[in-house]
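Engineer: Build me a structure from this.
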Amino acid sequence: MDIRPYRPGDESGIADLIVPIQREEFGVPITYAEQPDLGDIPGFYQRGAGQFWVAVDDGRVVGTVSLKDIGDGAGALRKMFVAASHRGAPHRLAAGLLNVLLDHSRAQGLRALYLGTTDKFLAAHRFYGKNGFQVVAPDALPAGFPRMAVDSRFYTLVL
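Structural biologist: Residues are numbered from 1 along each chain as shown. A predicted model of the protein is given here:
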């Protein structure tokens, strides 16, 4: 398995991973077209300290995570998705993706990360808490944080 930055040609693999998880596992009625950030990954994510990574196993995208540079030494963790086949042991792909993002964030000099998720992503709540993220009130989010309409729970991590 390889975790690497996004490159042109990854779009269909990204869509095939993310949209079914959003729609079928978590009941979020959203399409690929309704996520303009995915239509312009270089323009939205790969700017400043930002980046978008894919995990590829046997030619198939099985995981994603992204970092949006939101200014003032802060970043937003977004689009963290892992195929059901690669969750938990022995893959530990979510931890691998998070570590790549954290290493990159620190190397870029970021001081804090923020993320938003829905109340439905209970496994994500446990994962972020286990990895040092703290729940934060919506009014404590930085002005540049890209809040999604479905976000209802927010976290921060001081780097």
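
Engineer: From the geometric centre of the chain, which residue sits farthest away?
Structural biologist: What lies farthest from the middle of the chain is residue 58; by CA atoms, centre = their mean that is 21.7 Å.

Engineer: Pull up the gap between that one and residue 23, please.
Structural biologist: In this view, residue 58 and residue 23 are 24 Å apart by CB to CB, to the nearest Å. Every C-beta, even on glycine, is put in place using the N, C-alpha and C of the backbone.

Engineer: Equivalent analysis for residue 78, please.
Structural biologist: 18 Å.

Engineer: So which of those two has more stuff around it?
Structural biologist: The neighbour count for residue 78 versus residue 23, taken as other CB atoms under 10 Å, is higher for residue 78 (22 against 13).

Engineer: The helix or strand hosting the more buried one: how far from the chain's middle?
Structural biologist: In the assignment (DSSP states H and E), residue 78 maps to strand 74-82. Computed by CA atoms, centre = their mean, to the nearest Å, the chain-centroid distance of strand 74-82 equals 2 Å.

Engineer: So which bits of that strand are buried?
Structural biologist: Residues of strand 74-82 classed as buried by neighbour count (16 or more other CB atoms under 10 Å): 74, 75, 76, 77, 78, 79, 80, 81, 82.
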